[in-house]
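1. model this:
(2 chains)
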Amino acid sequence: MAFELPTLTLDFLLAASPIFLMFLSGLVLMLAAVSPTLEKPGIGFGLIGTFLIASLGASLFLVPLSEKNHLAGTVISGLISAFGQSTILMISLIVVLLFQETSLKSKFFRGEILSLYSFCVAGMLVMVASSDIITLFVGLEIASICLYVLAGYTDPNRKSQEGAIKYFVLGSFGTALLLMGFALIYSATGLINLKDLVVQIPKLADHRWVQLGSIFLVSGLAFKLAMAPFHLWAPDTYEASPTGITAFMATSVKVMMIVFAFRLFSQGLIGAFAVWLPALVFLAMSSMIIGNMMALVQSSLKRMLAYSSIAHGGYMSLGLCALGTNSLELPLSSVMFYLVSYSLVSLCAFGIIMWLESGVENLTLQDIQGLSTKHPWAALCLAASMFALAGMPPTGGFIAKLFVFKAALDSQLYSLVLVGALGSALSLFYYLRVIVKMYMTKPHATLSALSPKPSLILACLLGTIVVTVLLLGTILPEALFQQLLKAAENIALN
Amino acid sequence: MDFVNNHILSIMTFIPLVTALAIAAIGNLRFAKMVAMAGSIAAFFASLHVWYWFDSQTTGLQFVESFVWIPTFGIKYILGIDGLSLLLVMLTTFLTPLILLSVWHEEEPKQKWFLALFMSLECGMLGSLLAFDFVLFYIFWEAMLIPMYFMIGVWGGKNRVYATTKFIIYTFAGSLLMLIAGVVLYILAYEKTGYYSTSLLDLYQAAPGIRDQMWLFVAFAVAFAIKVPVFPFHTWLPDAHTEAPTAGSVILAGVLLKLGTYGLLRFAIPLFPAATATFAPLIMTLGVIGIIYGALNAWMQKDAKKMVAYSSVSHLGFVVIGCLAVVAGGKSLSPEALTGAVYQMINHGISTGALFFLVGIIYERRHTRMLEDFGGLAKTMPWFAVMLITATLSSVGLPGTGGFVGEFLILLGSFQANPLIAIGASLGVLLGAIYMLTLCKKILFGPIKHEENRNLKDLSPREFAYVFPLAFLGIVMGVFPDIFLSKVRASIEHLASTFTNYRLEAQVLSPNPDKFTWDHRDQNTKVIHTISTPLNTMNTP
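-> Numbers count the residues shown, from 1 in each chain, chains lettered A, B, ... in the order given. Next up is the predicted model:
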């Protein structure tokens, strides 16, 4: 292999523009946090909003759409990168809008928080737009370290600290696993770009280090995606973190790691699928079983959603399992569809919880008894997102599940799909319990404590999300799917 | 008018949904009721249009609308109607205005949401009856659960949460198995035909091997058996019926349960004929067990509504037997039994609907449904007594009522298939007469034991207006069955004789047969075929 000296090109600048913008945002906000006159919620949120929108615009319009390496593969432009970046930025923007209604904006506001948030987003953007294992690792670390801080930042109580520490310790362990995997693969092949591995790995599929490295990589991935049995940090951390951060973790980290998984499984390690496929099948199965079973017995809403997100991680990897066979496009695009639909729905659910939480800490099922009588629209949005999470038609959740099941059945993963279906039936039970509490039980004494301020932004935002999720289940699926399919073909060809 | 003629099925299906959305936006309850009624009547007129133009001579699909909805997966939006669904569609659109009339007096503010849910339920029911694409069917079929779930859970009786959760989880779990089986079938069909399509017309071509057929059939049949419900999947039904508000019970018994047997006829039997022939004896036996078990349970009930609920289990046992009476060594279904089953579905919807209405009426007056709290109502409520007796007689299958026609045909056909089954089922007829007449006797006759019953008001004009059409129709169906059967005979005989290699053709039949969009072979483009001759048939490849 000839060594090319990396050159700085306009294409590279365009491809990396969303990343640069978010790093810039982090720096600007950090500087603003130093000055007492500028450290104000209005200014901070204004700045971060502007940067996010600019970066989103850049990811949609400036990033070149052809699959291409820049700077020796540290940054890849192309549809998959564009998909990952725009989805993450969209999620971040929604979360920032949701923050408006919480104590983060008033009581706990500190300038650094937004700076950390920007850096975190920037790290994620690096992660989804790279196939160079060193750059990937740097992006992952930037995002993770910021998240560790954000998870334990606002709340001075012990529980939050505990969650953050747990996340830090176990998260670092997951990172270490990934690093070890990278190191083993590197030492076996001498290559650091996942794309170059495509050629080398099949020749070395029996190499012990490659096999061990694949297992390490899958485990590290499972850690970060909170898949059972590597999920133990997730419920505590989700419950303890500020709800906005929980929503952010549950969605954007999934997008980041799944896009990484695309590159890993459809490019880098495709040759060694005999090693990672059984592991992934096991992870998917246990996540669907454990996530759904544990969610059944939760009384805290956030904890329930945490377990539900573990189960959804299982459904997504059900689609990833289908990558082992001949066709890559359909599984990839199905999983992307699932990601979009799941992210929207959980943002909606977490958004409602955040909004209601301004009255009560740590919302339990009991607190929302009779919610429909007091806040009918909030109840309606939450009910719609519960049905969507359960995968009932006519929501996008159903179409997503259908596509993923189809992809898995194409690869003859019958037992896995059967577990998925039984898990869905089981999951309906706990999603419905939320609806039962809101609509079919008498209000509890704590209901009067839930008197959040009405907010136009939030109402519009959540309303739009719910309508989008319904449209994804009825009119839009093809429109979105075509785009995702193009992206998937792009990565499959390269 | 062209537009209306070419899209009559979509119009009929989505009028209720549009109405539901309109109701949700309206603040005034009175106005909302009127909108709901107007919407349901509009849908009824649309169905009358279909009834009028329906060609009873052809066996194919009529009034077809088709376009590709999700081309990547070959998922299409296909609506069509044939003899199997025609009567059920009519029943749905006919019952809806009557049910709306029955809740007209409710004045609670949240009643508006009941109306909206009810109209969206109608959309779901019509959609599942008309859809000829597996995924489209599944969407309507599942979406239907949501309004029903809320109707039982919010407006139901004391134990409503338990009943409604059981109802939805039972049905959802069964349907998921069907979904998986459907996707597998779709992949099998792809291997056969070379293109992806979830259109039912293409899935009929899949003809999976015998081993695949077995488990696919089981997955489909269990999903539908839960809905029917066939013994031993029936346990959700008495709970759901007892806890549901009257309107919910009527629609549940009237249409929702029939969707299970309709699904058997539309999906399970023609898709998996070999498995059908294998499993028919088992399912027929379960049907007989259901008939007798339901009847004995009904006999023992002290609660009038529970009694009617168990009678549904019993009556649907007949329908299931009628659907699966395989004769001629597994080569065909008995046309008599199948006709009887289709007829019995309608008849059961009408007579049981009337019974639930009537039980609801006395419950509103006395706030009890216990049989021992009544007696001698014939003296105080003569019109009520007339209606109850008519509905009861129709339900037990007295000659001259619709029930007789249906049950007789089923027994006739199933005797050819398996005499033992027919004998067991006849026992059910006998038991049916016993418990239904007991119901009548305990409510209507004898001395007035409770003073409260002395001053009960007879049916109000509004109540009369929604019960009478059902009672009347029960008689008409008994005396002139041919009005209904002549429309559907061709389709039923076609299914009965060809179920082992089922073919269903899409046919144009509208006043304007010139314009017609139909092509299921082309995957990615929407092709408009112009067919000049009327009644042109496009065979499936």
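2. next SSE after the host helix or strand of residue A:355?
-> Secondary structure assigned from DSSP states H and E places residue A:355 in helix A:329-357. Downstream of helix A:329-357, the first helix or strand assigned by DSSP H and E is helix A:371-374.
3. And that next one, what's buried?
-> Judged by neighbour count using 16 or more other C-beta atoms under 10 Å in any protein chain shown, the buried positions of helix A:371-374 are A:371, A:372. Heads up, the C-betas are built off the backbone N, CA and C, glycines and all.
4. what's the answer for stretch A:30-47, then?
-> The neighbour-count check on stretch A:30-47 (16+ other C-beta under 10 Å) flags A:30, A:32, A:33, A:39, A:41, A:43, A:44, A:45, A:47 as buried.
5. Excluding chain neighbours, what is closest to residue B:177?
-> residue B:219 (4.4 Å; C-beta to C-beta, 6 or more residues apart in numbering or on different chains).
6. Now the phi/psi pair for the one you found, please.
-> Phi and psi for residue B:219, reported as degrees, to the nearest 10, are phi -60, psi -40.
7. And residue B:76, by the same measure?
-> Per degrees, to the nearest 10, the backbone of residue B:76 is at phi -120, psi 160.
8. neighbours of it, just the number please.
-> As a burial measure, residue B:76 scores 26 neighbours (other C-beta atoms under 10 Å in any protein chain shown).
9. What of residue B:140?
-> For residue B:140, the neighbour count with other C-beta under 10 Å is 22.
10. Leaving out the residues flanking it, which one is nearest to it?
-> Distances taken as C-beta to C-beta, 6+ apart place residue B:127 nearest to residue B:140, at 3.3 Å, with adjacent residues excluded.
11. Which residue does the stretch 1-150 of chain A have closest to chain B?
-> Going by C-beta to the nearest C-beta, chain B is nearest to residue A:79 of the stretch 1-150 of chain A, at 16.0 Å.
12. and the gap between that residue and residue A:89?
-> The gap separating residue A:79 from residue A:89 is 15 Å, by C-beta to C-beta, to the nearest Å.
13. Neighbour count: these two, which is higher?
-> residue A:89 (27 against 20).
14. Test my guess that the more buried one contacts residue A:63.
-> No - assessed by C-beta atoms under 8 Å, residue A:89 is found out of contact with residue A:63, at 11.3 Å.
15. Give the residues shared as contacts by these two.
-> Both residue A:89 and residue A:63 are contacted by residue A:18, under the criterion C-beta atoms under 8 Å, 6 or more residues apart in numbering or on different chains.
16. what does chain B put close to chain A?
-> Within chain B, the positions lying close to chain A (C-beta under 8 Å from any C-beta of the partner chain) are B:69-73, B:135, B:138-140, B:142-143, B:145-146, B:149-150, B:153-154, B:160-161, B:164-165, B:168-169, B:172-173, B:176-177, B:179-180, B:183-184, B:186-187.
17. So which of those residues are in strands?
-> Among these, the members found in strands (DSSP state E) are B:69, B:70.
18. Neighbours of residue B:60, how many?
-> Neighbourhood size, residue B:60 [other C-beta under 10 Å]: 23.
19. any weak-confidence spans in chain A?
-> A:1-6, A:101-108, A:154-158, A:324-326, A:359, A:451, A:492-494 (pLDDT under 70).
20. Looking at it, which helix is longest?
-> helix A:158-189 (DSSP state H).
21. helices or strands next to it in the packing?
-> Counting contacts by 3 or more C-beta pairs under 8 Å, 6 or more residues apart in numbering or on different chains; DSSP states H and E, helix A:158-189 packs against helix A:133-151, helix A:194-203, helix A:208-225, helix A:233-240.
22. Show residues contacting the last one.
-> Identification of contacts with helix A:233-240 by C-beta under 8 Å, 6+ apart yields A:151-152, A:155, A:159-164, A:166-167, A:170-171, A:226, A:246, A:249-250, A:294, A:300, A:302-303, A:305-307, A:309-310, A:362.
23. repeat that with 6 Å
-> Residues outside helix A:233-240 that contact it (C-beta atoms under 6 Å, 6 or more residues apart in numbering or on different chains) are A:151, A:159, A:160, A:163, A:166, A:167, A:170, A:226, A:246, A:302, A:303, A:306.
24. show me what contacts residue A:435?
-> Residue A:435 touches A:383, A:386, counting by C-beta under 6 Å, 6+ apart.
25. Just read off the phi/psi values of it.
-> Here is the backbone geometry of residue A:435 (degrees, to the nearest 10): phi -70, psi -40.
26. Would you mind stating the distance between it and residue A:464?
-> 22 Å.
27. May I have stretch A:360-375 exported as CSV, CA atoms only?
-> Extracted in CSV, the C-alpha atoms of stretch A:360-375 (Å, rounded to 0.1, in the frame of the first residue of the first chain):
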residue,chain,number,x,y,z
VAL,A,360,-42.6,16.4,40.8
GLU,A,361,-39.2,14.7,40.9
ASN,A,362,-38.8,11.2,39.4
LEU,A,363,-42.2,10.6,38.0
THR,A,364,-43.8,7.3,38.9
LEU,A,365,-46.8,5.6,37.4
GLN,A,366,-48.8,6.7,40.4
ASP,A,367,-48.1,10.3,39.7
ILE,A,368,-49.7,10.3,36.3
GLN,A,369,-53.0,8.7,37.4
GLY,A,370,-55.9,10.5,35.8
LEU,A,371,-53.6,12.7,33.8
SER,A,372,-56.1,12.7,30.9
THR,A,373,-58.5,14.7,33.0
LYS,A,374,-56.0,17.5,33.8
HIS,A,375,-53.7,17.6,30.8
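28. Flag every buried residue along it.
-> For stretch A:360-375, by 16+ other C-beta under 10 Å, it's A:360, A:363, A:364, A:365, A:367, A:368, A:369, A:370, A:371, A:372, A:375.
29. which stretch of helix or strand covers residue B:65?
-> Using DSSP H and E, residue B:65 sits within strand B:62-70.
30. Go through that strand and flag the buried ones.
-> Neighbour-count burial for strand B:62-70 flags B:62, B:63, B:64, B:65, B:66, B:68, B:69, B:70 (criterion: 16+ other C-beta under 10 Å).
31. How many neighbouring residues does the closest residue to residue B:120 other than its chain neighbours have?
-> Using C-beta to C-beta, 6+ apart and skipping the chain neighbours, the partner closest in space to residue B:120 is residue B:20 (4.2 Å). If you count neighbours by other C-beta under 10 Å, residue B:20 ends up with 25.
32. Could you measure from residue B:20 over to residue B:127?
-> In terms of C-beta to C-beta, residue B:20 sits 13 Å off from residue B:127.
33. Ok, residue B:463 next?
-> 31 Å.
34. With residue B:201 instead?
-> Noted for residue B:201: a distance of 18 Å to residue B:127, by C-beta to C-beta.
35. quick one: secondary structure of the residue in the stretch 101-250 of chain A positioned nearest to chain B?
-> At 21.0 Å from chain B, residue A:228 is the closest residue in the stretch 101-250 of chain A, using C-beta to the nearest C-beta. Using DSSP: H, G, I helix; E, B strand; the rest coil, the secondary structure recorded for residue A:228 is coil.
36. From what I see, it and residue A:289 are in contact.
-> No - between residue A:228 and residue A:289 there is no contact, the gap being 7.5 Å when judged by C-beta atoms under 6 Å.
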